[in-house]
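*Asks:* sequence unknown, structure follows:
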């Protein structure tokens with residue numbers, strides 16, 4: 001075996017070749033030669049792995065995922081041509097360089113016909129091998145680019161975000177803006193089943209990174225002990241079962257995108273390492289001291305309130321602020337019911353095609369049934385309901401009896417957004433008119449306290465104990481802007497409007513908007529202000545008294561769900577006292 005000494009000229013030539021981010025698998029049973037090739041290629045920035053037989057090469061290929069391979073023709077347990085044949089089928093993008101001490105024209109021709117990109121005969125000059133590796137690396141990059149562009153074209157047709165409501169138009173606009181930006185992180189928020197993964201794919205496919213890999217992982221589905229190695233990979237010998245080097249998802253994503261679903265379930269210990277990777281754009285494999293650069297985009301998603309998790313010390317606040325530079329929220333299906341018919345049509349087309357079943361028509365009664373449901377499972381639940389109908393019944397016309405919709409426990413009912421929903425929901429109507437006199441805000445029960453001031457230093461009006469805690473006392477008449485008759489009439493109008501239309505949610509919408517409109521016109525906020533929390537507490541107490549502490553009935557009186565009622569009762573310290581009464 002002879003290896004030519006590299007001259008200064010060859011050194012200058014090889015110095016112009018950069019193999020950074022190129023993975024090379026070296027298969028040769030001559031350890032000294034394999035070591036020499038390994039050392040030379042590493043000096044040019046390549047990542048290398050060695051194998052001494054066909055078996056070892058096949059075992060290490062999947063975990064190492066090389067960009068190109070250099071293999072000897074004759075190996076202890078087979079022939080290098082076997083590898084060329086197999087990889088031509090399994091990895092057609094990967095160039096293979098064949099080297100051998102048993103040179104022959106026929107073997108060279110056979111190798112090239114089978115797909116080898118180059119053929120070198122021992123003894124060879126190292127500069128010739130480096131030149132061949134440089135050409136092969138360029139070929140690999142071009143093939144990978146073509147493959148990704150072809151995949152991009154196919155994937156672009158798959159990213160189909162359905163919805164034309166204002167909320168969905170805003171969502172698509174925000175996703176496109178994130179995709180076009182150079183931002184390295186994005187955070188997708190939303191309930192389970194709303195389509196957060198689809199939103200993440202849209203960011204990737206609509207961006208310049210679409211030609212690069214998109215990899216995903218669910219942080220809640222992998223044990224804590226394995227999650228770190230899945231994300232960052234490990235070196236051979238890093239732990240007991242680390243028999244070979246493994247690439248992590250960050251390394252596989254490279255300059256593409258990595259989607260971290262359910263980021264709120266990531267262990268705190270691992271959050272610190274993720275924070276470092278985001279801040280410095282570098283990471284280390286387990287058991288390695290070498291930093292690996294990451295230039296891709298990190299897209300995280302969660303159905304949790306990460307600020308609340310941070311307050312409870314279950315999520316790192318610094319990681320939240322790193323991820324949430326560009327937050328986007330996917331609306332729940334109940335918030336965009338106008339999109340439901342389009343979603344149904346899409347799923348019926350897709351499911352009938354995928355399941356090879358006749359595509360049914362949708363009856364008006366079935367549409368009404370679907371529109372009445374609250375959809376706590378969101379779009380995923382809708383897809384499941386339609387899939388059941390197609391498989392179990394194969395109907396020509398989809399009717400309500402074909403829709404097996406899960407009964408949702410009352411405690412699962414989705415809560416109203418806890419952000420300023422007082423005006424739009426507290427007066428949204430009760431199913432029956434109130435049976436007792438409603439308290440009013442008059443000078444007798446409204447007072448100004450020095451302890452309560454606004455941001456500009458002005459005093460803030462608070463409710464007196466009479467109004468905050470007593471619910472049956474009839475207040476004295478007042479001629480101030482907020483009069484007894486007006487306040488009582490607002491509540492009465494609210495109750496009557498919903499009682500008349502309680503049978504259909506869609507019919508109740510106009511009535512609710514009329515009530516809100518009336519409130520906006522008739523309600524007069526005192527110049528000194530009012531404490532909204534006291535007013536909310538008063539209304540909760542009134543509803544509970546009228547309903548004789550039946551929480552379901554009290555929630556109906558206030559036009560909110562029982563879940564929301566209990567949340568607000570707990571906030572005002574009413575839950576314990578009410579439980580004692582019931």
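*Replies:* Nice, I can see it. Quantities reported herein were computed from a predicted structural model and do not represent experimental measurements. Numbers count the residues shown, from 1 in each chain.

*Asks:* Mind jotting down where the strands sit in the stretch 1-150 of the chain?
*Replies:* Applying DSSP state E, counting those that start in this stretch to the stretch 1-150 of the chain gives strands spanning 3-4, 23-27, 47-51, 68-72, 74-75, 78-79, 96-100, 118-121, 124-125.

*Asks:* Mind putting the ones you listed into CSV with mean pLDDT, mean neighbour count and distance to residue 261?
*Replies:* The C-beta positions use only the backbone N, C-alpha and C, and glycine is treated the same way. As requested, the strands of the stretch 1-150 of the chain are exported to CSV (pLDDT from 0 to 100; neighbours: other Cβ atoms under 10 Å; distance: least, Cβ to Cβ, whole Å):
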stretch, mean pLDDT, mean neighbour count, distance to residue 261
strand 3-4, 37, 14, 50
strand 23-27, 93, 24, 27
strand 47-51, 92, 21, 28
strand 68-72, 92, 26, 33
strand 74-75, 88, 18, 42
strand 78-79, 87, 14, 42
strand 96-100, 88, 23, 36
strand 118-121, 86, 19, 42
strand 124-125, 86, 16, 49
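
*Asks:* Switch these over to CSV; also include distance to residue 243.
*Replies:* Shown next, in CSV, are these (distance: least, Cβ to Cβ, whole Å):
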stretch, distance to residue 243
strand 3-4, 30
strand 23-27, 16
strand 47-51, 13
strand 68-72, 20
strand 74-75, 20
strand 78-79, 21
strand 96-100, 25
strand 118-121, 31
strand 124-125, 32
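
*Asks:* quick one: residue 559 and residue 533, what's the gap?
*Replies:* 19 Å (Cβ to Cβ, to the nearest Å).

*Asks:* Show me which of these two is the more surrounded one.
*Replies:* Per other Cβ atoms under 10 Å, whichever of residue 559 and residue 533 has more neighbours is residue 559, with 23 against 15.

*Asks:* So which of the strands of the stretch 1-150 of the chain is nearest residue 159?
*Replies:* Taking Cβ to Cβ, strand 23-27 is the member of the strands of the stretch 1-150 of the chain nearest to residue 159, at 29.4 Å.

*Asks:* Name the surrounding residues that touch that closest one.
*Replies:* Strand 23-27 has contacts (Cβ atoms under 8 Å, 6 or more residues apart in numbering) with 34, 37-38, 41, 46-54, 56-57, 60-61, 64-72, 75, 80, 83, 133.

*Asks:* what do you get for stretch 161-178?
*Replies:* Contacts for stretch 161-178 (Cβ under 8 Å, 6+ apart): 186, 195, 198-199, 202-203, 206, 326, 328-331, 335-336, 338-339, 342-343, 346.

*Asks:* Of all the strands of the stretch 1-150 of the chain, which one is nearest residue 287?
*Replies:* Among these, strand 47-51 comes nearest to residue 287, with 14.7 Å by Cβ to Cβ.

*Asks:* angle of that closest one against strand 68-72?
*Replies:* Strand 47-51 runs at 30 degrees relative to strand 68-72, counting by axes from the mean of the first three to the mean of the last three Cα atoms, to 10 degrees.

*Asks:* other SSEs contacting strand 47-51?
*Replies:* The helices and strands touching strand 47-51, judged by 3 or more Cβ pairs under 8 Å, 6 or more residues apart in numbering; DSSP states H and E, are strand 23-27, helix 31-43, helix 54-64.

*Asks:* pretty sure residue 210 belongs to a helix, no?
*Replies:* Yes. When DSSP: H, G, I helix; E, B strand; the rest coil is applied, residue 210 is found to be in a helix.

*Asks:* if I look at it, how far off is residue 180?
*Replies:* Using Cβ to Cβ, we find residue 210 at a distance of 12 Å from residue 180.

*Asks:* cool, residue 203 as well?
*Replies:* Applying Cβ to Cβ, the value for residue 203 to residue 180 is 10 Å.

*Asks:* that older thread, ok, which of the strands of the stretch 1-150 of the chain comes nearest residue 391?
*Replies:* That would be strand 23-27 among the strands of the stretch 1-150 of the chain, by Cβ to Cβ, at 44.7 Å.

*Asks:* Which strands border the closest one, and is each parallel or antiparallel?
*Replies:* If you go by DSSP bridges, strand 23-27 pairs up with strand 47-51 (parallel), strand 68-72 (parallel).
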